[in-house]
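>>> Starting from these lines, generate the structure:
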Amino acid sequence: MNNNVRKNCLKLGLTATALFASVGIGWAQNVTIDTFDTAAAVSNYSYANWNGSPTGTEAFSANQSTISGSPSSGSMQISVVYGGAGQNGGTFVRSGSTVDLSRANGIEFDVMIDAASPLDNNGNAMEIKMGFNSPSYNAPVDQWIGAWGGTPVGTWKHYSIPFNAGTLNAASGQFFMQCMNYSYDGTAYTPIVYIDNIVVDVPVPGVPTYPSTMALTFDYPTNVVTSGTTGWYGSPIDTYEWSSMDASNNPNSGSLHIVAEMPPNDNACVCAIPFDPLYPGFSNPTWDTNVVINAQHCASVEMDIKWDDSVSSISISDFNSVGDITGFPLGLLFNAPGAGSGGQSEAFGTGTTSLPDTASNGWVHLSFPLNQATANIDQCIGLWLKKYNWNSAITGTVGFYIDNVNFIGAPIPQTGPPMVISKPVYGLQQVHVGGSYKREGVVTANSTYSFVTQANMSYTMGISSLPADGSLTARFLFVPLQAPTVDGTAPEPDWVYPNVLMAAIQRNGTGATLTLGAKVNQPNSNGSLYGSSTDWSIHPSFGTTNSPIGNWTVAFTGLNTLLVTAPDGSSTNLVFPGVDGVNTNGLSAGDVAANFDFGLGMVVYFDSINNATTGTRMVQSNAKIAQGATTLLSDNFVTDTILDTTSTWILASDGGPTSTFLQAHSILYYLDWPVTFNGFNVQTNSSLSLAASSAWNTNSMLPVALGAQYHVDVDVTNLPPSGPCFFRAVH
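Numbers count the residues shown, from 1 in each chain. Okay, here's the model as predicted:
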């Protein structure tokens, strides 16, 4: 049993960012247009005066997004002159090749208005349209940047704008940002705006599919084989020729033009359309081995069709209704044993997809379902059209154009595990396995970070990934040392040690809540840390409805108070648990130092704890401890290559170094499938063809069980340097 998943290994250009969305890929993932990591990315853009403003500039800026930016990144700074005389905007156009965005359903990007930027009289910088200009102009995103769009000046904002799947297409290219303004009072101004992290959302489908194949685009006259393609029986085709009429108005392409007479009670419009322009089979019957499509792996054939009103005397509705095959008479031409010049399937049933009346006004895109059980369908060498004007008195001429014949891949039978491929989030991985309430993380190697013996102390934890189901809790744990029982190295300090102050971050849907807890003189128990049964029973909290992803900071503004700041910049002052102006179970409400012994110093844990769910992970991006403006400890786990467990950290992990570790940047993908599919290994290949069946190999990828999933890290050494790559799980 096996289950195939394809990964496109392209590295450069617009299609390079479309790792999971090109034609023929059976699953997909979001497509990054630009993250503007370098000035070279900005150089791909040029300004075009599409709306009256002759002047527009683009430049690389080191001012990267604080929302979803990456280290050593930047943004693109854009400016457009708005003023009188119809200067209403222009467009920044990106060079690049096409990419399949037919299943895309949204665009996301980060925007910031420069603090010194002028705005129009409505407080807006500009109205920005994002889209693709190939093969046709399409701008699914139309968003005001400024007061109307809620973009604050000098602050990054993330936009996520959905649209219907199918809005874009399989040949989207030349990405553009059209910057306009028709609402201002005509006063000239030149706004300054930063754009970063432009991503097209492409959802992962539920079932992988076989690759699709574009069979005919009729780019050249030589793509049309005229010898022996018509007049096989019945009335011959009048016109069978290449035409410069193209469905995408591409001056470098064309289509197939067919004109046929339809006398009563006769075969009419009978012809073959081979894929291979060099195929000699019609004049010298042979099998074609150059261009063969296994249509057994295809769900349908799609094509563009345009009715030729200039020659057609028969209406589209009459053409659809007459004949032994109603609708458009599509069939397939096969390599078939004993067939000589090729066997054929006239149609799949007595009726196929009908031409809509709108085909007389322009191009229409139609889909024709395939019967995969048809004999010899795995040896398809062309299309076969046959309209038999059976017992009908309709007489006249029909003419039409055909373009862009595409065989759409069918779902791959899921006899093996449903594999899911994803990209890793780099940083300090805290993977929870082996049961409930496991602790994973690190603790400071030094004990010089006390907020009691030092004023103005602040502690920051960067979170870059936290499960959406709330199965993990991220935590700061402040532990005073006590000889000889408290050395600050236990992986479960909240249980083992007697005195602990905790700030716990729990995800709640799209938001999160930070809650304080504490226990005093309660070793080997949770004590009052989580519940409310004993000492320090008050648990102050602070919530945000925005994402928990980003930096959380706990700053001690006094012995009894602290300032909590969330990733979105919101903040509040909280008092320590139990400090409410009265005694709590006999404890003094006055001085927290009276309840904690800091004589030997204090350590800080940056960790996470799971509930009953295992196999999940939190990723921490950074950690920082500061005294006022002085940084005492700072560690960027995203850029680190080695976790310093000598002078900076001590591993505080129930699972050890296989559960708390830095993710190597050589790991490019994750593969996961349910543990209910036991005994499978992953193999790779550059092709799904039978000829390449002996080339499957494991490339040293070994699955490990993580909770309910088997997991594989895919290293760059497991992949070919370029070209397609398929994964499969084999029992």
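
>>> Okay, now the unreliable bits of the stretch 51-200 of the chain?
Segments of the stretch 51-200 of the chain classed as low confidence (criterion: pLDDT under 70) are 67-72.

>>> got the domain boundaries for the protein?
12-201, 213-409, 434-497+548-658, 666-730 (automatic domain parsing).

>>> Can you convert those into a markdown table and add a column each for mean neighbour count and distance to Phe542?
(Glycine included, C-beta is placed from N, CA and C.) Shown next, in a markdown table, are these (neighbours: other C-beta atoms under 10 Å; distance: least, C-beta to C-beta, whole Å):
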| stretch | mean neighbour count | distance to Phe542 |
| --- | --- | --- |
| domain 12-201 | 19 | 20 |
| domain 213-409 | 18 | 50 |
| domain 434-497+548-658 | 18 | 5 |
| domain 666-730 | 16 | 30 |
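
>>> how about a markdown table for those domains, with distance to Ala518 added?
Output for those, formatted as a markdown table (distance: least, C-beta to C-beta, whole Å):
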| stretch | distance to Ala518 |
| --- | --- |
| domain 12-201 | 32 |
| domain 213-409 | 59 |
| domain 434-497+548-658 | 4 |
| domain 666-730 | 31 |
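
>>> To Leu514, which of the ones you listed lies closest?
The minimum distance between Leu514 and those falls on domain 434-497+548-658, with 5.5 Å, by C-beta to C-beta.

>>> What is the end-to-end distance of the closest one?
End-to-end span of domain 434-497+548-658 (C-alpha to C-alpha, to the nearest Å): 12 Å.

>>> tell me how far that domain is from the chain's mean position?
Domain 434-497+548-658 has its C-alpha centroid displaced from the chain centroid by 33 Å (C-alpha atoms, centre = their mean, to the nearest Å).

>>> what ranges do the strands span in the stretch 301-450 of the chain?
Assigned by DSSP state E, counting those that start in this stretch, the stretch 301-450 of the chain shows strands spanning 330-334, 343-345, 364-369, 380-389, 396-409, 420-422, 428-432, 439-444.

>>> Equivalent analysis for the stretch 501-650 of the chain, please.
For the stretch 501-650 of the chain, applying DSSP E, counting those that start in this stretch gives strands covering 511-519, 541-544, 550-556, 561-565, 571-575, 602-610, 616-627, 630-636, 649-651.

>>> Quick one: list the elements packing against the first one.
Okay, so that is strand 511-519. Under the contact criterion of 3 or more C-beta pairs under 8 Å, 6 or more residues apart in numbering; DSSP states H and E, strand 511-519 touches strand 500-508, strand 541-544.

>>> Partner strands of that strand and their direction?
Here strand 511-519 has these sheet partners by DSSP bridges: strand 500-508 (antiparallel), strand 541-544 (antiparallel).

>>> buried stuff in it?
For strand 511-519, burial by neighbour count (16 or more other C-beta atoms under 10 Å) applies to 512, 514-519.

>>> one step back: Met180: which of the strands of the stretch 301-450 of the chain is closest?
Ranking those by proximity to Met180 (C-beta to C-beta) places strand 364-369 first, at 29.7 Å.

>>> TSV please, covering the strands of the stretch 501-650 of the chain and showing distance to Ser659 and mean pLDDT.
Shown next, in TSV, are the strands of the stretch 501-650 of the chain (distance: least, C-beta to C-beta, whole Å; pLDDT from 0 to 100):
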stretch	distance to Ser659	mean pLDDT
strand 511-519	23	89
strand 541-544	28	88
strand 550-556	22	96
strand 561-565	28	91
strand 571-575	31	90
strand 602-610	11	96
strand 616-627	9	97
strand 630-636	19	97
strand 649-651	9	97
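
>>> Make CSV from the ones you listed and add distance to Ile33 to it.
Formatted as CSV, the strands of the stretch 501-650 of the chain follow (distance: least, C-beta to C-beta, whole Å):
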stretch, distance to Ile33
strand 511-519, 28
strand 541-544, 29
strand 550-556, 23
strand 561-565, 32
strand 571-575, 34
strand 602-610, 33
strand 616-627, 23
strand 630-636, 26
strand 649-651, 37
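
>>> between those strands, which one is nearest to Thr489?
Of all the strands of the stretch 501-650 of the chain, it is strand 649-651 that lies closest to Thr489, at 5.4 Å by C-beta to C-beta.

>>> what's next to the helix or strand following that closest one, contact-wise?
Using DSSP states H and E, the next helix or strand after strand 649-651 towards the C-terminus is strand 660-662. Outside strand 660-662, the residues that touch it by C-beta atoms under 8 Å, 6 or more residues apart in numbering are 427-431, 440-442, 637, 640-643, 651-653.

>>> Hmm, Asn697 is touching Ser686, no?
No - with contact defined as C-beta atoms under 8 Å, Asn697 does not reach Ser686; the gap is 10.8 Å.
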